[in-house]
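Asker: let's see this in three dimensions:
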Amino acid sequence: MIQKSDKSRTTSAPLVIASCDNVTSVRSAGVEVTVRLQGAVLSDAATMSSIGSTSRVYIALENMRGTFDATVLRVQIRARSPNGGGTAGEVYLGSIALFGLRKASVSHPGGTNAGLTSYLDFTSQANQLFGQALPPDAQFQVSIHPHHELPDGIEISIERIRIYLAPMDSSRQS
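Answerer: Numbers count the residues shown, from 1 in each chain. From the prediction side, this is the model:
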């Protein structure tokens, strides 16, 4: 008989480290969005050195809505200081397929439509992007472009873009 471990695991909620809470529209040409740091968590050298060993970094495109399912969005990011100077080159984070977007965008009883939320883990690219500790007023420039041109009049809206720092599950750490 196999017994399951009774270890109690405490997992902390992910911490929002940067966000853009303005609705963003992606059209055929794509869009670039400024995402601002919240607080000074990435200006702490200890936090920066723990990325990849005890914590993960991911970006969320939240509550995406639209009427065109057959698209894939490419997401890239670069860090920059608020005076416009770049601190790192642009880093490709990944692609997001929007299958089910139309259905997720339909209003439900009560007038709610949550849309789709997609996450891209970029822990392995974080050191390239962040380099060292960032100043508390640093910003990220997020580029979102369709892989193929969208039909005329089609747009995809994104309610929020957030970057999260999440502790790794202690049972998965070695």
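
Asker: hey, let's count contacts and neighbours off CA atoms from now on
Answerer: Fine.

Asker: hmm, Gly39 is touching Leu15, no?
Answerer: No. Counting by C-alpha atoms under 8 Å, Gly39 does not reach Leu15; the two are 10.5 Å apart.

Asker: which is the succeeding secondary structure element to the helix or strand bottoming out on mean pLDDT in the chain?
Answerer: Among the helices and strands of the chain, helix 45-50 carries the lowest confidence by mean pLDDT, DSSP states H and E, at a mean of 66. Per DSSP states H and E, helix 45-50 leads on to strand 55-65 as the next helix or strand towards the C-terminus.

Asker: who are the packing partners of that following strand?
Answerer: Using 3 or more C-alpha pairs under 8 Å, 6 or more residues apart in numbering; DSSP states H and E as the contact criterion, the neighbours of strand 55-65 among helices and strands are helix 101-105, strand 116-121, helix 123-130, strand 156-167.

Asker: so for the protein, the centremost residue is which one?
Answerer: For the chain, Ile59 is the residue whose C-alpha lies nearest the centre (C-alpha atoms, centre = their mean; 1.3 Å).

Asker: so that one touches Leu165, yeah?
Answerer: No. When contacts are counted by C-alpha under 8 Å, Ile59 is not listed as touching Leu165 (9.1 Å).

Asker: what's the closest non-adjacent residue to Gln76?
Answerer: Tyr92 (4.4 Å; C-alpha to C-alpha, 6 or more residues apart in numbering).

Asker: ok, residues contacting whichever strand or helix holds that neighbour?
Answerer: Tyr92 belongs to strand 91-97 when elements are defined using DSSP H and E. Defining contact as C-alpha atoms under 8 Å, 6 or more residues apart in numbering, one finds that strand 91-97 is touched by 70-78, 118, 120-122, 125, 128-129.

Asker: output the below-cut-off pLDDT ranges for this structure.
Answerer: Low-confidence segments of the chain, defined by pLDDT under 70: 1-11, 40-50, 81-88, 110-113, 131-134, 170-174.

Asker: let's see that with 50 instead.
Answerer: 1-9, 171-174 (pLDDT under 50).

Asker: list the contacts of Asp69.
Answerer: If a contact means C-alpha under 8 Å, 6+ apart, then Asp69 has 98-102 as its contacts.
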